[in-house]
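Trainee: below is the sequence, then the predicted model.
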Amino acid sequence: MSGFAQALADAGALAGARIAAALDGAEGPVRDAMLYATTGGKGLRAFLALESARLHGIGVDDAAPAAAAIEALHAYSLVHDDLPCMDDDDLRRGQPTVHRKWDEATAVLAGDALQTLAFALVAETAVPDAARLTLVQTLAEASGLRGMVGGQALDIAAESAASPLTLEQITFLQAGKTGALIEWSAMAGPRMAGADAAALGKYARALGLAFQIADDILDVEGDAEIVGKAVGKDAHAGKAIASGARRCQGARRSFG
């Protein structure tokens, strides 16, 4: 395993341990589904939160609650995104989706509980009160209508769009759907330290866009066993955004 891959794995494991600790003593299918939903991810968002904190002199123990919070919130978004009323997926991270392993009601409740847990965790970040409040407020913005939820709404609307989205529209959609949580993760460190977050924000916006472009291309040409989720969903749903992924695929082959 490469150094970067190991760092991602370590960050994901740390976040998972904090989530499990927060659920210690709870019982029942919702708790089990929450733990299931936070297992097997890449750990990218937790890694960005921890690394951006390290760059600003904040230790792992102090930053760990923020790393766990963003992984819990990301997991909630995936659980709800996989539901039949959304993307209707049967596979996530190489395993049955939560609503398939349990049922739709359990999936909805597990997602709800992961979202609220995220805010409980981020409020435990060991930083001054003003910085902690900033983390909570910006996490709410990144995950709400002006962030992830807004991006998901645009993605759903793309299913019935009369024509392919423009590059500007795709960029705006992806900045919310995927980029908002990645951006929050990378900006968590400077916000903990009360420092200027602009440079890491610019980096994270580019990273989030690249991440979503790669994911859209994998939906066109990927292997479900390798990707860990169903592929070809966007084209099958008739999403206008899928044609953009196909154009990117053709360009990559032309230059590759």
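Mentor: Yep, that arrived.
Trainee: low-confidence ranges in this protein?
Mentor: Where the chain drops to pLDDT under 70, the residues are 219-256.
Trainee: can you show me the strands along it?
Mentor: Assigned by DSSP state E, the strands in the chain fall at 91-92, 95-96.
Trainee: relative to the whole chain's centre, how far out is the last one?
Mentor: If I follow you right, that is strand 95-96. Here the centre of strand 95-96 is set off from its chain's centre by 18 Å, with CA atoms, centre = their mean, to the nearest Å.
Trainee: what's the answer for the first one, then?
Mentor: Distance of strand 91-92 from the chain centroid (CA atoms, centre = their mean) equals 15 Å.
Trainee: direction included, what does it pair against?
Mentor: strand 95-96 (antiparallel) (DSSP bridges).
Trainee: run through who's touching the strand it pairs with.
Mentor: Identification of contacts with strand 95-96 by CB atoms under 8 Å, 6 or more residues apart in numbering yields Tyr36, Gly40, Asp90, Lys101, Gly228. Backbone N, C-alpha and C define where each C-beta goes, glycine included.
Trainee: do that again at 10 Å, thanks
Mentor: Tyr36, Ala37, Thr39, Gly40, Asp82, Asp89, Asp90, Lys101, Trp102, Gly228, Lys229 (CB atoms under 10 Å, 6 or more residues apart in numbering).
Trainee: what's the closest of those residues to Val149?
Mentor: Nearest to Val149 out of those is Asp82 (CB to CB; 15.5 Å).
Trainee: burial of the closest one, as a residue count?
Mentor: 24 (other CB atoms under 10 Å).
Trainee: going along the chain, name the helices of the chain.
Mentor: 3-22, 29-37, 44-55, 60-81, 98-101, 104-122, 129-143, 148-157, 167-174, 180-193, 198-221, 224-227, 233-237, 240-255 (DSSP state H).
Trainee: residues contacting Gly176?
Mentor: The contact partners of Gly176, taken as CB under 10 Å, 6+ apart, are 142-155, 208.
Trainee: tally of neighbours for the closest residue to it other than its chain neighbours?
Mentor: Ranked by CB to CB, 6 or more residues apart in numbering and with sequence neighbours excluded, the top spatial neighbour of Gly176 is Gly151, at 2.6 Å. Neighbour count for Gly151, taken as other CB under 10 Å: 23.
Trainee: kindly report the same for Gly25.
Mentor: Neighbour tally, Gly25, other CB under 10 Å: 7.
Trainee: how close does it get to Arg31?
Mentor: Gly25 sits 9 Å away from Arg31, going by CB to CB, to the nearest Å.
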